[in-house]
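[1] Sequence plus the predicted model coming up.
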Amino acid sequence: MSNDLIESALARGLDTKAVVMGTDVLGRTGGLFAELFPGARAVMVDDGNTWAVAGAAVQASLASAGIAMDDPIIYPASPALFADDKAVEDLRARLAGTDAVAVSVAAGSLNDITKLASHLVGRSYLNVCTAASVDGYTSFGAAITWGGVKSTQECPAPRGVVVPLDVMAGAPARMTATGYGDLIEKIPAGADWIVADELGLDPIDDDVWGMVQGPLRDALGDPAGLAAGEVPAIAKLAQGLIMSGLAMQVFASSRPASGAGHYFSHQWEMEGYGRDWDPPLTHGFKVGLGTVAMCALYEKVLELDLTGLDVDARLATWPTPAQDEARVTALQPIPVIRESALRQSALKYVPRAQARARLELIRRQWPSIRTRVAAQVLPARVVEQMLREVGAVCHPGQIGVSLEGLRVKYYQGQTMRARYTVLDLLEEAGLLNRLVDGLFAPGGYWYERGEASR
């Protein structure tokens, strides 16, 4: 496959200077390390699974390139390492005892841990991907649960990335499916960015938009091939994931690749839901379900005509700061989540004195919002089928979540981040309750699917 898109992105002078993608490329790791870190020592960071599939080949490549190496750091294969402050501190302490540059042979969590730990000791690092499971390989920042709060910790992306498509194609099918779930959320995330752009809150960068949305549909286009581990399908998915990460580097934010669908996952992760399962419930499975949830909501949003929004009536019920704080508090019973949600919600609260201007802007821009969003989103049934075909989660019953448990995630998700999404527009317009409740009422998307997985 052509890597022209990736090379064009790298030309923008990013943290990541080189991406080597293809089959049989593990042997190029040593040469890439020598090029990017001349004269440096290396220390491999693996877990038992990644060592088994790629560790020896990477070690041999580094040795053949004359790279001096510390003994590898190999975490247990099970239980899976959780990306939190404890894991970061453990690896930071290990790296602080050497001057070696880390080479993470890793999937998502271990790569994020290595990314942040390397930054904390003042070094860059090199990543060897082992599964098409996440877009964070090349992203700015690391997704870490810090002090119990899921957040993006600021740190540079790896200086170099090796993307061995044959290794990724041989990864467990659930790893590929979780990467698919992570990537498909870029569809409603793009719609959320359109909403924020139309309201002048977060203008779209056309180049960055194209980096994510340009290859997106093609990357998602062969779920059956991905489920079968076919290399051409894996190559397209991997390219989509890598480009998404590079876009986040350019934008220095996850905005281009993360919308309200991700907030369902953030809430579950901060609650610890599925963390102790064997295997653990993956980020991408939760995000995929969040994608279906948001696409179902967007279908109802597109039925609205907000050019007739009664601004005066909404202003009459506009919440005071204390009332908004009480709403968030009631939604978030877990203290550490509640504290974060209160901070994030306060950042985007619109005082009543400014609310008229916001509501009138929504009313004025609605025709454009609806036209652009309609061109961006997919029907929830289509997304559900794509996720089902790749082997990802597409119904809450598959992960033991009731319909009521899913329903409350719409409201909790609205409190998770200060970043503006369609959930905020609906809350401001006084319509969030009506639309969400409709999804679970007779005739609604989730009502029709019932409690059981199908």
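    Happy to help now that I have it. Numbering: from 1, shown residues only.

[2] Next, the buried residues of the helix or strand that contains Ala353.
    In the assignment (DSSP states H and E), Ala353 maps to helix 352-376. Going by neighbour count (16 or more other C-beta atoms under 10 Å), the buried part of helix 352-376 is 355, 358-359, 362-363, 365-366, 369-370, 372-373, 376. C-beta here means a position set from N, CA and C on the backbone, and glycine is covered the same way.

[3] Is it possible to get CSV of these that adds pLDDT and distance to Leu297?
    Output for the buried residues of helix 352-376, formatted as CSV (pLDDT from 0 to 100; distance: C-beta to C-beta, whole Å):
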residue, pLDDT, distance to Leu297
Ala355, 98, 23
Arg358, 98, 20
Leu359, 98, 20
Ile362, 98, 16
Arg363, 98, 20
Gln365, 98, 19
Trp366, 98, 16
Ile369, 98, 14
Arg370, 98, 14
Arg372, 98, 17
Val373, 98, 11
Gln376, 98, 14
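
[4] now, which of those residues sits nearest Leu126?
    Within the buried residues of helix 352-376, the smallest distance to Leu126 is 35.3 Å, found for Gln376 (C-beta to C-beta).

[5] thought that closest one was touching Ala191?
    Yes - the criterion here is C-beta atoms under 8 Å, and Gln376 meets it with Ala191 at 4.7 Å.

[6] So for stretch 250-268, what gets flagged as buried?
    So stretch 250-268, judged by 16+ other C-beta under 10 Å, has buried residues 250-251, 253-268.

[7] Could you export that stretch as PDB, keeping only the C-alpha atoms?
    Extracted in PDB, the C-alpha atoms of stretch 250-268 (Å, rounded to 0.1, in the frame of the first residue of the first chain):
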ATOM      1  CA  VAL A 250      -0.600  18.600  14.500                       C
ATOM      2  CA  PHE A 251      -3.500  20.000  16.500                       C
ATOM      3  CA  ALA A 252      -1.900  19.300  19.900                       C
ATOM      4  CA  SER A 253      -5.300  18.100  21.000                       C
ATOM      5  CA  SER A 254      -7.500  15.000  20.700                       C
ATOM      6  CA  ARG A 255     -10.400  17.100  19.300                       C
ATOM      7  CA  PRO A 256      -9.900  15.900  15.700                       C
ATOM      8  CA  ALA A 257     -10.300  12.300  16.800                       C
ATOM      9  CA  SER A 258     -12.500  12.200  19.900                       C
ATOM     10  CA  GLY A 259     -16.100  13.300  20.500                       C
ATOM     11  CA  ALA A 260     -19.000  12.400  22.800                       C
ATOM     12  CA  GLY A 261     -18.900   8.800  21.800                       C
ATOM     13  CA  HIS A 262     -15.500   8.600  23.600                       C
ATOM     14  CA  TYR A 263     -17.100  10.000  26.700                       C
ATOM     15  CA  PHE A 264     -19.200   6.800  27.200                       C
ATOM     16  CA  SER A 265     -15.900   5.000  27.400                       C
ATOM     17  CA  HIS A 266     -14.200   7.500  29.700                       C
ATOM     18  CA  GLN A 267     -17.100   7.200  32.200                       C
ATOM     19  CA  TRP A 268     -16.900   3.400  32.200                       C
END
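
[8] That one - what's its average pLDDT?
    Regarding stretch 250-268, the rounded mean pLDDT is 95.

[9] Tell me the gap between it and the middle of its chain.
    5 Å (C-alpha atoms, centre = their mean, to the nearest Å).

[10] Could you do stretch 343-353 as well?
    Its chain's C-alpha centre and that of stretch 343-353 lie 25 Å apart, by C-alpha atoms, centre = their mean.

[11] 13 is where my numbering starts, stick with that
    In the new count, where the first residue is 13, that last one comes out as stretch 355-365.

[12] This completes my enquiry, with thanks.
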